[in-house]
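Undergrad: A structural model of the following input is requested.
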Amino acid sequence: MFGKACVANRKAIYAMFQLSHRRGNVVASAGTAFAIGKGILATSAHSLREECKGRRTVGQPKVIRSPDVGLLRVEPASIVALDDKRDIAILEIENPRCKSFLKLLDTRVPVGTTCGSISFPFSVVEFHDVGPAFGAFERFQAMHVAASVGTESRGATVTFYDTDTSMYGGSSGCPLFLAGGKVLGMCRGSYSIPRSSIPIGGRRRRAKGEVPMELGFAQWVPSMDILDFAADCGIPL
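TA: So this is what the prediction gives:
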């Protein structure tokens, strides 16, 4: 169902790495980004943040396009703008190797919509005498839109999509797309709720030795918010 979309979309999906300095040490983190225009990328703002002595600091991101993984084609990206409230970051590659980009929906999709994502979980950064080495591992996941939820974020209520599948760690910033390839959202994280905290038909006492189950889901920034933020930043898409 998503085979053609994956082949087409991965040309514009990137593994993202950044190095930040914390207390004299170099700290590495990883995430996913995707092109929304020629050389213009979207990712999650929190993927670019590192806590440093109580202050939020931004590292310098580097990206590598999905088809270029393993070919040592890492590209530097600059940060254009950050929106911590909606968890959106816009990056720019000055001279991109590829000018492919994904199309974003400008309308909301209904609950029950089938969708998929490509991300780079399990990515690693290793430090060697000659410099850092990046390892990226691509994964596809399929899911459904489970809800459209208003969430408190930095003093404001922001609406996100929930999906019925949690994401691998390191998937923040990846695109959520339809079988036709258009993007409906961007991953901002996965969450879990203990099943025992959800009352279903009254209280139920857990049996001795029973392991409590958790319900996992992922949350996504709607594509319309990314389009609006890019427009606010003067970026034509």
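Undergrad: next one: residue 5 from residue 142, what distance?
TA: The spacing between residue 5 and residue 142, counted by CB to CB, to the nearest Å, is 11 Å. Where C-beta positions appear, they are placed from N, C-alpha and C, glycine not excepted.
Undergrad: what touches both of the two?
TA: Counting by CB atoms under 8 Å, 6 or more residues apart in numbering, the contacts common to residue 5 and residue 142 are residue 116.
Undergrad: between these two, which has more neighbouring residues?
TA: Set residue 5 next to residue 142 and count neighbours by other CB atoms under 10 Å: residue 5 wins out with 20 against 13.
Undergrad: who touches stretch 220-233?
TA: Contacting residues not belonging to stretch 220-233 are listed as 36-37, 40, 42, 44, 80-81, 83, 86-88, 90, 104-108, 158-163, 176, 183-188, 237 [CB under 8 Å, 6+ apart].
Undergrad: okay, and which of those map to strands?
TA: Under the assignment DSSP state E, the contacts of stretch 220-233 contribute 36-37, 40, 42, 80-81, 83, 88, 90, 158-163, 176, 183-188 to strands.
Undergrad: tell me the buried residues within those.
TA: For those, a burial check counting by 16 or more other CB atoms under 10 Å picks out 36-37, 40, 42, 81, 83, 88, 90, 158, 160-163, 176, 183-188.
Undergrad: how near is the residue positioned nearest the centre of the chain to residue 186?
TA: Geometric centre of the chain, nearest residue: residue 173, 1.7 Å, by CA atoms, centre = their mean. Separation of residue 173 from residue 186 (CB to CB) stands at 6 Å.
Undergrad: which neighbours do those two share?
TA: Counting by CB under 8 Å, 6+ apart, the shared contacts of residue 173 and residue 186 are 34, 42-44.
Undergrad: PyMOL command to pick out the buried ones of those?
TA: Remark: buried members of these, expressed as a PyMOL selection using 16+ other CB under 10 Å:
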select buried, resi 34+42+43+44
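Undergrad: picking up where we left off before, isn't the residue nearest to the centre of the chain up against residue 45?
TA: No - between residue 173 and residue 45 there is no contact under CB atoms under 8 Å: 9.1 Å.
Undergrad: overlap in contacts of the two?
TA: Residues touching both residue 173 and residue 45 (CB under 8 Å, 6+ apart): residue 89.
Undergrad: and the closest residue to residue 156 other than its chain neighbours, how many neighbours?
TA: Distances taken as CB to CB, 6 or more residues apart in numbering place residue 85 nearest to residue 156, at 5.7 Å, with adjacent residues excluded. Using other CB under 10 Å, residue 85 has 14 other residues around it.
Undergrad: was I right about residue 85 contacting residue 152?
TA: No - between residue 85 and residue 152 there is no contact, the gap being 10.3 Å when judged by CB under 8 Å.
Undergrad: sorry, back to before: how close does the residue nearest to residue 156 sit to residue 189?
TA: Residue 85 is 15 Å from residue 189, by CB to CB.
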